[in-house]
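>>> Using only what follows, build the 3D model:
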Amino acid sequence: MAIGILMLGLLGVMALTSSSYSASSESQDRIVAVNLAREGVEAVRSIRDNSWLFGGTSGWYQTLSSGGDVTAIPVLDPVTLAWSVDFGANSLSDAGSVVWRDQNSLYRQSASGVSGASATLYSRLLTLYPICRDSFTNTEVSDQATCATGLTQVGVRVVVSVSWLRHGSHQVTLEDFLYNWRYAPAT
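So this is what the prediction gives:
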């Protein structure tokens, strides 16, 4: 009888330990995914700001646009530490959306992979919608690939999705609106 009670207690402790480890692992995966999503938004913000610093007040969105394609991955140049976007990936399941971890333990993306790096369980995809404003009604639309005739682009809506597979499929999505704060409507 005593051995049975002892075994029951040990099984309870083992189940609690296993559950705790699983929750810790899931929490760590989610923290990495949220930070990868935040980095995606900051990459787009960096591209926008550098366009202003080095290119003036107009045309800043051209570096974040590929015609009708609104899906991309953020790519960091390891030499210049400058961000760019690659419009090759179209979904989180594309090989180009895989996040790699290089020899310095940095998470990076490239449509062709990262030399000397290993693939992680994460995939990241940016969706860059133009924010289009109707100057007469002062309304905005941000769910199309391009601005319709008569609308002026005043910003970009950035949607970053990060997915991973461990004990099932998981995904986090982060959204931000980046405006051209230098925009001055015609009077």
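>>> So, low pLDDT: which residues of this protein?
Low-confidence segments of the chain (pLDDT under 70): 19-24, 55-60, 182-187.
>>> And the longest strand along it, what's buried?
Secondary structure assigned by DSSP state E gives strand 118-134 as the longest strand of the chain. For strand 118-134, a neighbour-count test (16 or more other C-beta atoms under 10 Å) marks 120, 122-133 as buried. C-beta here means a position set from N, CA and C on the backbone, and glycine is covered the same way.
>>> Could you list every helix and strand that it packs against?
Helices and strands touching strand 118-134, as assessed by 3 or more C-beta pairs under 8 Å, 6 or more residues apart in numbering; DSSP states H and E, comprise helix 2-55, strand 71-76, strand 98-101, strand 139-141, strand 152-165.
>>> Relative to residue 88, which of the ones you listed is closest?
Nearest to residue 88 among these is strand 71-76 (7.4 Å), distances taken as C-beta to C-beta.
>>> what's the following helix or strand after the closest one?
Using DSSP states H and E, the helix or strand that follows strand 71-76 in sequence is strand 83-86.
>>> what packs against that following strand?
Here strand 83-86 touches helix 2-55, strand 71-76, going by 3+ C-beta pairs under 8 Å, 6+ apart.
>>> Can you tell me which of these is packed in deepest?
Most buried of the helices and strands packed on strand 83-86, by mean neighbour count (mean count of other C-beta atoms under 10 Å): strand 71-76, with a mean of 22.
>>> chain center to it: distance?
In terms of C-alpha atoms, centre = their mean, to the nearest Å, the gap separating the centre of strand 71-76 from the centre of its chain is 8 Å.
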